[in-house]
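> Test case, fold it:
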Amino acid sequence: MGTVRAPLFAARACAAPARARAARRIRSCLAFAFALALADHAAAAGADYKIVTASEKSTAVRMGRDLARLVAPSADMSLETVVTAGSVDNVRRLRFEPNVKFALVQSDVWQAFVEEADASGGGVANLVRPLRVLVPLHREELYFLVRADSPIGAVHEIRDARIAAGPLGSGGAFTTTALYRQMFGESPSPRQVKYMSDEEALLKLVDDKSVDVVVLVSGQPAALLADMKPAARRLLKLLPLDPSHPASQAALRAYLPATVRAANLPNLLTQDLPALAVQTLLLTYDYDLPTTIGFLTDFARALCASLDRLRTLGHPKWEEVTLELGPAPPAGAYYEPTSIVLRDCRPVPGPGTAPSSRP
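As a prediction, the model looks like this:
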């Protein structure tokens, strides 16, 4: 009997580790299946993303809220609109902040980042090179405000004036100093440029007169100016662009011609005003995760399908958005998965629901 039982006991002893290994494999497979189920559930539940914009009264924040309200739900996406310091801040947030999938950035700011990355590499290259242009959107006008009794009569006359350029690090501050260099061939001196909020700048312009010019960058109708009372015309005036002046011609080599409509600023203007503008870009990251690609391509489809709805229910700036990509972006590169969608975009009237590209 002993000679019979010994092999049985040996077989059972050998089978025990095999059963343990099998149990571990089963547990591993179950854990993997559970993880996949969780991922599928998260995908089914939609994505929680963020878009970084600009200050509370900016056109950018209103455009971002329109995307969150009228486009994102059709892509099964919850989109939080984040108020920020502006374009420069937005580039950094898009690169490093969790869940920030979109950023509104002025094209001159983006161009400067890309050129710096190409020239110097290093940290700027690490910041910029993974970012992509999703689509060009609207134009933001540049407003130059002076006191009503100021001897400054046109944009090209601001040389050597004390200028309020917007908050330090904002897109408006960048544009103000870049435009000054473009027009006059030199940077404004440190004593000339003051960095502060637009609201504070207007108070300093009118009350203590410590600045001579306030520069605002905002798509019309700019809320801060459109909300002014009729008395504003006795205190402030907007400077026109003289396209025939050499400094203005230099500016137009880098910035876009524009017209500020009197109808948008009835308490400041009695007639339309020639002006400058800068393009706004919608940026994203060069994502390669299939789930994220799916959400972003769905978003691009929803944007295409909802353009007429945005024009009807959103900010007036949607009227000038075409979603056309052109042969190449202003700088950097387009995000390839959404560019394929948008190049085939044929906007249709009414609210649109994007078919899902996710299984």
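> Residue 213 and residue 162 touch, don't they?
Yes - proximity of residue 213 to residue 162 meets the contact threshold set by Cβ atoms under 8 Å, at 7.2 Å. Using the backbone N, CA and C atoms, a C-beta is placed for each residue, glycine as well.
> okay, those two: which has more neighbours?
More neighbours surround residue 213 than the other of residue 213 and residue 162, with 23 against 17 (other Cβ atoms under 10 Å).
> Show me the contact partners of the helix or strand where residue 339 lies.
Residue 339 belongs to helix 336-343 when assigned by DSSP states H and E. Applying Cβ atoms under 8 Å, 6 or more residues apart in numbering, the contact partners of helix 336-343 are 132, 134-135, 284, 293, 296-297, 299-301, 303-304, 323, 325.
> For residue 278, state which of those is nearest.
Proximity of these to residue 278 (Cβ to Cβ) peaks at residue 135, which lies at 16.0 Å.
> In three-state terms, label the closest one for me.
Of the three states, residue 135 takes strand under DSSP: H, G, I helix; E, B strand; the rest coil.
> Can I get stretch 78-85 in PDB? Just the C-alpha atoms.
The C-alpha coordinates for stretch 78-85 follow below in PDB (Å, rounded to 0.1, in the frame of the first residue of the first chain):
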ATOM      1  CA  SER A  78     -17.900  67.800 -19.800                       C
ATOM      2  CA  LEU A  79     -15.800  70.800 -20.500                       C
ATOM      3  CA  GLU A  80     -14.900  73.200 -17.700                       C
ATOM      4  CA  THR A  81     -14.000  76.800 -18.800                       C
ATOM      5  CA  VAL A  82     -11.000  78.000 -16.800                       C
ATOM      6  CA  VAL A  83     -10.400  81.800 -16.300                       C
ATOM      7  CA  THR A  84      -6.600  82.500 -16.600                       C
ATOM      8  CA  ALA A  85      -4.000  85.200 -17.100                       C
END
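> Please name the residues that touch residue 316.
Here residue 316 is in contact with 220-221 (Cβ under 8 Å, 6+ apart).
> filter the contacts of helix 336-343 to the buried ones?
Listed as buried from these are 132, 134-135, 284, 293, 296-297, 299-301, 303-304, 323, 325; burial here means 16 or more other Cβ atoms under 10 Å.
> can you give me the strands in the stretch 1-150 of the chain?
Applying DSSP state E, counting those that start in this stretch to the stretch 1-150 of the chain gives strands spanning 47-52, 77-82, 100-106, 131-147.
> winner for burial among those strands?
Most buried of the strands of the stretch 1-150 of the chain, by mean neighbour count (mean count of other Cβ atoms under 10 Å): strand 100-106, with a mean of 26.
> counting contacts, what elements does it pack onto?
On a contact count with 3 or more Cβ pairs under 8 Å, 6 or more residues apart in numbering; DSSP states H and E, strand 100-106 meets strand 47-52, helix 59-70, helix 87-96, strand 131-147, helix 171-184, strand 273-285, helix 290-305.
> I'd like those as a markdown table, with distance to residue 196 and mean pLDDT appended.
Putting these into a markdown table (distance: least, Cβ to Cβ, whole Å; pLDDT from 0 to 100) gives the following:
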| stretch | distance to residue 196 | mean pLDDT |
| --- | --- | --- |
| strand 47-52 | 21 | 96 |
| helix 59-70 | 19 | 97 |
| helix 87-96 | 16 | 95 |
| strand 131-147 | 14 | 97 |
| helix 171-184 | 10 | 95 |
| strand 273-285 | 20 | 97 |
| helix 290-305 | 35 | 97 |
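> any chance of the ones you listed in TSV, with distance to residue 125 too?
Below are these laid out as TSV (distance: least, Cβ to Cβ, whole Å):
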stretch	distance to residue 125
strand 47-52	21
helix 59-70	26
helix 87-96	11
strand 131-147	11
helix 171-184	19
strand 273-285	15
helix 290-305	23
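> ok, which pair from the buried ones among the contacts of helix 336-343 is furthest apart?
Farthest pair in these, by Cβ to Cβ: 293 and 323, 19.0 Å.
> Just give me the residue right at the centre of the protein.
residue 104 (0.8 Å; Cα atoms, centre = their mean).
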